[in-house]
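Engineer: Fold the stuff below for me.
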Amino acid sequence: MKNVVLIFGGKSFEHDISIITALLIYNKAKSEKYHFIPVYVTKNNEWFAYEKNNLSIKLFKDFDSTYKQNGFSKAYLKTNEKCLFIRSRLRDRKLCVDACLNCCHGGMGENGELVSIFEASGIPISSGSMSALAICMDKILTKYALRGLNIPSIDYFTYTKDEFENYIDLVISRANKLGYPLILKPCRLGSSIGISVAKNKDEFVEACKVAVEFDDQILVEKAILDMEEYNVACMKNGGETLVSKVDKPTRTDEILSFKDKYVGQNKKLGSKNIPAKNLKGGAYTQKKTFAQIDDKLEKKLQSLAKDVYEKLGLFGIARIDFIVRKNKIYVNEINSVPGSLGYYFFVPSHFSCMGKFVDALIENAILSFSKRREAKIEYITKLI
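Structural biologist: Numbering: from 1, shown residues only. Presented below is the predicted three-dimensional model:
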């Protein structure tokens with residue numbers, strides 16, 4: 001069997017959701033092809049490998065105090081070694097690694113840093129490419145890319161923390177010009193963290209104060225409140241782009257909040273997609289009911305999602321989020337490492353079980369990596 005690093009956690013607001021995603025994969029994605037090596041990344045971005053067979057959520061409740069007795073060992077990579085190095089008292093051991101399955105939501109898992117680390121080590125990773133992830137993670141770069149590709153997105157302006165603190169009148173004038181209501185988003189965060197709706201100048205100023213606590217660059221969009229939200233997922237399988245059915249997320253407020261995405265009715269559990277009765281050993285299951293919408297709209301959303309996915313050079317799984325108002329469609333955001341890896345978009349519609357879905361993610365990571373390595377990246381000169 002081939003060794004695959006299952007990496008999760010990391011310095012991110014979505015740290016705990018990442019743990020749950022990894023536990024789902026570890027406990028439910030049984031494979032005859034791949035052996036998972038769990039690698040947990042702490043909130044300080046330290047790496048720990050786990051080599052036992054009883055990975056569960058309780059191991060992470062007081063991790064700093066208990067990791068040694070629970071069997072975790074510090075781990076790291078080296079460039080071009082294609083191995084995971086596991087620290088021991090006498091001599092660091094190394095395990096040959098064939099690929100990495102990225103379960104890190106937000107932070108380095110989605111901004112391209114993790115991809116660059118693994119690829120520098122010669123290890124294919126399931127989400128990429130580095131440039132595509134960087135664009136998708138940065139909401140302002142996403143806007144630039146969408147406009148460049150002539151893909152519809154909502155009108156916007158941007159400001160920096162420095163501009164807000166030193167030139168607030170200029171920022172307010174931009175808001176007045178765009179027109180209320182407005183929605184403010186920290187540039188590089190996910191899961192609706194730090195996002196606010198402002199319906200007038202006073203609310204806008206207060207929302208600015210919140211947003212700059214989370215990022216030094218802020219995206220301000222024209223808020224479309226009387227709208228519908230839809231999601232479509234895409235992934236590669238054997239070189240072909242698979243496109244999911246259209247999902248309609250449930251929201252309880254004007255915007256889709258962190259609570260809507262992860263908490264729902266069960267505040268203790270932390271995910272609306274994880275019923276408490278189905279959480280066993282850290283893994284969970286769910287049944288997905290897709291949106292019942294007009295065929296013409298569904299095909300348009302699917303076509304746009306595929307266009308975005310392919311033109312940005314994404315591979316692995318990505319979820320494209322849309323806003324629709326009076327049959328006008330806007331691409332809202334692109335999530336390159338969706339919660340639970342968005343398995344429910346493709347299981348059982350395209351894959352009979354989660355194991356085959358995960359196998360496809362790994363196989364396509366290896367395929368994409370090998371194709372990129374075929375390109376010439378060296379040129380012999382006589383300068384030295």
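Engineer: Gly109 sits in which helix or strand?
Structural biologist: Assigning secondary structure by DSSP states H and E places Gly109 in helix 107-110.
Engineer: Any buried residues in that helix, and which?
Structural biologist: By neighbour count, and taking 16 or more other C-beta atoms under 10 Å as the criterion, the buried residues in helix 107-110 are Gly107, Met108, Gly109, Glu110. For glycine as for every other residue, the C-beta is placed from the backbone atoms N, C-alpha and C.
Engineer: Taking those residues together, which two end up most distant?
Structural biologist: Longest distance between any two of the buried residues of helix 107-110 is 7.7 Å, between Met108 and Glu110; criterion C-beta to C-beta.
Engineer: sorry, back to before: which other helices and strands does the helix holding Gly109 contact?
Structural biologist: Using 3 or more C-beta pairs under 8 Å, 6 or more residues apart in numbering; DSSP states H and E as the contact criterion, the secondary-structure elements in contact with helix 107-110 are helix 113-120, helix 130-137.
Engineer: which stretch of helix or strand covers Ile25?
Structural biologist: Secondary-structure assignment from DSSP H and E places Ile25 in helix 15-28.
Engineer: Now do the very next helix or strand once past that helix, average pLDDT.
Structural biologist: Next along the chain after helix 15-28, taking DSSP H and E as the criterion, comes strand 34-41. Mean pLDDT, taken over the full extent of strand 34-41, equals 97.
Engineer: Put the alpha carbons of strand 34-41 into CSV.
Structural biologist: These are the backbone C-alpha positions of strand 34-41, laid out as CSV (Å, rounded to 0.1, in the frame of the first residue of the first chain):
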residue,chain,number,x,y,z
TYR,A,34,-3.5,3.8,0.5
HIS,A,35,-2.3,3.8,4.1
PHE,A,36,-3.0,7.1,6.0
ILE,A,37,-0.4,8.7,8.2
PRO,A,38,-2.2,11.4,10.2
VAL,A,39,-0.2,14.6,10.7
TYR,A,40,-1.7,17.1,13.0
VAL,A,41,-0.7,20.8,12.7
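Engineer: Name every strand pairing with whatever helix or strand comes next after it and say which way it goes.
Structural biologist: From strand 34-41 onward toward the C-terminus, using DSSP H and E, the following helix or strand is strand 47-50. Using DSSP bridges, the strands paired with strand 47-50 are strand 34-41 (antiparallel), strand 72-77 (antiparallel).
Engineer: Would you verify that Lys300 is located in a helix?
Structural biologist: Yes - assigned with DSSP: H, G, I helix; E, B strand; the rest coil, Lys300 falls within a helix.
Engineer: That one against Lys328, yeah?
Structural biologist: No - in this structure, Lys300 sits apart from Lys328 without contact. The criterion is C-beta atoms under 8 Å, and the distance is 10.7 Å.
Engineer: who has more neighbours, the two?
Structural biologist: For the pair Lys300 and Lys328, the greater number of neighbours falls to Lys300 (16 against 10), based on other C-beta atoms under 10 Å.
Engineer: What are the phi and psi values at the residue lying closest to that one once chain neighbours are set aside?
Structural biologist: The spatially closest residue to Lys300, leaving aside those adjacent along the chain, is Ile329, at 6.3 Å (C-beta to C-beta, 6 or more residues apart in numbering). Backbone geometry at Ile329, expressed as degrees, to the nearest 10, gives phi -110, psi 130.
Engineer: List the beta-bridge partners for Ile329.
Structural biologist: Beta-bridge pairing of Ile329, defined through DSSP bridges, involves Val324.
Engineer: Run through the residues that contact Tyr156.
Structural biologist: With contact taken as C-beta atoms under 8 Å, 6 or more residues apart in numbering, Tyr156 is in contact with Lys143, Leu178, Leu219, Val220, Glu221, Lys222.
Engineer: Ignore what I typed, I meant Phe36.
Structural biologist: Neighbour list for Phe36: Val4, Val5, Leu6, Ile25, Tyr26, Leu101 [criterion: C-beta under 8 Å, 6+ apart].
Engineer: and if we set it to 6 Å?
Structural biologist: Phe36 makes contact with Val4, Leu6, Tyr26 under the criterion C-beta atoms under 6 Å, 6 or more residues apart in numbering.
Engineer: Quick check: it vs Cys353, distance?
Structural biologist: Noted for Phe36: a distance of 16 Å to Cys353, by C-beta to C-beta, to the nearest Å.
Engineer: What is the burial count for the closest residue in space to His105 that isn't next to it in sequence?
Structural biologist: Closest residue to His105 apart from its sequence neighbours, by C-beta to C-beta, 6+ apart: Glu14 at 3.7 Å. Using other C-beta under 10 Å, Glu14 has 26 neighbouring residues.
Engineer: Quick check: phi and psi on Glu14?
Structural biologist: The phi and psi torsions at Glu14 (degrees, to the nearest 10) take the values phi -100, psi 20.
Engineer: How confident is the prediction for Asp260, by pLDDT?
Structural biologist: Reading off the confidence values, Asp260 has pLDDT 42.
Engineer: er, Pro249 actually
Structural biologist: Looking at Pro249, the pLDDT reads 88.
Engineer: picking up where we left off before, against Glu110, how distant is the residue nearest to His105?
Structural biologist: From Glu14 to Glu110 the distance is 9 Å (C-beta to C-beta).
Engineer: Tell me which residues touch Lys382, please.
Structural biologist: When the contact criterion is C-beta under 6 Å, 6+ apart, Lys382 has no partners at all.
Engineer: Look up which helix or strand it falls in, please.
Structural biologist: Using DSSP H and E, Lys382 sits within no helix or strand.
Engineer: Fine by me, thanks again.
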